[in-house]
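Undergrad: Please find the sequence and the predicted model below.
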Amino acid sequence: MTDRQGCDGKLMTIFLAGHETTANALSWTIILVSQHPEIEKKLFEEINSLIGNRPPSSGEFMK
Ligand code: HEM
């Protein structure tokens, strides 16, 4: 195996391990929250108290 192939393999592992797990965790979180209206209400109230009615942006997490 060349250095380039080894490097490509490691990058693909990080990309796939990060993508699949995060996507699954987010999907299950949304499904479970949608099945528990009281939790959903509290979550929306917390989000609204932090950012109001405007849509969230990626910059939110940098603060
Ligand atoms: C909710 C998110 C995530 C969960 C639940 C999760 C879970 C795990 C678990 C359980 C392992 C150990 C697997 C094993 O040794 O059998 C692992 C390994 C790993 N994770 Fe994550 N992970 C998450 C997010 C990420 C992200 C965001 C990245 C990178 C951007 C990442 C990169 C990796 C890598 C590179 C390994 C090592 C793979 C290997 O040993 O070959 N993970 N993860």
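TA: Looks like it arrived, so ask away.
Undergrad: just checking, next helix/strand downstream of the host helix or strand of I31?
TA: I31 belongs to helix 3-34 when elements are defined using DSSP states H and E. Next helix or strand after helix 3-34 toward the C-terminus (DSSP H and E): helix 37-51.
Undergrad: Which elements pack onto that next one?
TA: Helices and strands touching helix 37-51, as assessed by 3 or more C-beta pairs under 8 Å, 6 or more residues apart in numbering; DSSP states H and E, comprise helix 3-34. In this view, the C-beta of every residue, glycine as well, is placed from N, C-alpha and C.
Undergrad: in the helix it packs on, what's buried?
TA: Neighbour counts using 16 or more other C-beta atoms under 10 Å place no residue of helix 3-34 among the buried ones.
Undergrad: when you give positions from now on, start the count at 56
TA: Got it, the first residue is 56 from now on, which makes the last one we talked about helix 58-89.
Undergrad: I'd like to know which elements it is packed against.
TA: Other elements packing on helix 58-89 under the criterion 3+ C-beta pairs under 8 Å, 6+ apart are helix 92-106.
Undergrad: State the mean pLDDT of the helix it packs on.
TA: Along helix 92-106, the predicted confidence averages to a pLDDT of 93.
Undergrad: Contacts only, for G107.
TA: Neighbouring residues of G107 by C-beta atoms under 8 Å, 6 or more residues apart in numbering: there are none.
Undergrad: Quick check: it vs E100, distance?
TA: In this structure, G107 and E100 are separated by 12 Å, where distance is defined by C-beta to C-beta, to the nearest Å.
Undergrad: swap in W83?
TA: Taking C-beta to C-beta, one finds W83 at 22 Å from E100.
Undergrad: now do C62
TA: 46 Å.
Undergrad: Equivalent analysis for F70, please.
TA: Taking C-beta to C-beta as the criterion, F70 is separated from E100 by 36 Å.
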